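# Have a look at this prediction, sequence included:
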Amino acid sequence: MYYVGIDIGSTASKVALQGEKEMYFVLPTGWSSKETTQTIKEKLLSEGVDVHADGVKVVATGYGRAAVGFADYVITEITCHARGGREMAGDSCAIIDVGGQDTKVIIVENGTVQDFLMNDKCSAGTGKFLEIMANRLGVALQELFDMAQAGTALPISSLCTVFAESEVINYIGEGSKREDIAAGVVDSVAAKVAQLGRKKDLPEKVILTGGLSHSTYFTKILSEKIGQKVEPTENGRYAGALGAALLAREKPR
């Protein structure tokens, strides 16, 4: 049997394959989730996995989950991220997922979701804001983090991405150092994510998932803001897809 989890995000689409072999891959979502799901299907077929075969079960989740027409089940992001995070961190944990369009805090106790919070989609505490600011500074996302580590954070206080970008443009116009602007950008996102996390009593184990999950620098800043250790995760960007694949295994046909 093969169990496929597909997480169609606003920026990237993640796939986790469990069963006779394991595999993870990510693709840009692009403008059309339906086209992306077709590409995913073809990629899986090239690996010997036919999503229409009797021995394959598929669960879809994420922003564009309804576009996965061949899915056996469509399950919410919270449920899938909680299942994937629990696999990574244990039955009692908090999962902070910084996505392209939103940020989620999911609290799991004894293997079940006890509570969750999501930010407003217009707020600047998301991965998309970091991408926009990196483009504004003319660097790749990893370069933004590298520069931020060498800088002193400038204050960026706006809750709206548009107004926050205006603050960055003003700093650029004033001739501020790129390292200081980069540090301010990362600090701003971490502060907004931490503000969401501080609204709940977090358990001892807290992990970061999503596109920033591998960044030890971001988790360091986030830990300082929250006042509690947040751990990076190697495959954290696949938490939703992994959870979907595990739920595919656990659900009846």
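Done, it's in.

# any low-confidence regions in this protein?
Low-confidence segments of the chain, defined by pLDDT under 70, span residues 120-125, 159, 253.

# Do a quick rundown of the helices in it.
Ranges of helices in the chain, per DSSP state H, are 33-46, 77-89, 127-137, 141-149, 161-173, 178-197, 216-226, 239-250.

# Of all those helices, which one comes closest to residue 60?
Closest approach to residue 60 among these (C-beta to C-beta): helix 239-250, 6.8 Å. No exception for glycine: its C-beta is placed from N, CA and C like everyone else's.

# re the thing from before, using TSV, lay out the helices of the chain together with distance to residue 109.
Listed next are the helices of the chain as TSV, based on distance: least, C-beta to C-beta, whole Å:
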stretch	distance to residue 109
helix 33-46	33
helix 77-89	10
helix 127-137	27
helix 141-149	32
helix 161-173	33
helix 178-197	16
helix 216-226	18
helix 239-250	16
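
# ok, the residue nearest the centre of the chain - contacts?
By C-alpha atoms, centre = their mean, the chain has its centre lying nearest to residue 210, at 2.0 Å. Counting by C-beta atoms under 8 Å, 6 or more residues apart in numbering, residue 210 makes contact with 97, 98, 99, 103, 127, 236, 237, 239.

# pretty sure the last one is in contact with residue 79, am I right?
No - here residue 239 does not reach residue 79: they are 11.8 Å apart, not a contact under C-beta atoms under 8 Å.

# Of those two, which one has the most company?
Using other C-beta atoms under 10 Å as the criterion, residue 239 and residue 79 rank with residue 239 on top: 33 against 18.

# Name the nearest residue to residue 186, ignoring sequence neighbours.
residue 148 (4.4 Å; C-beta to C-beta, 6 or more residues apart in numbering).
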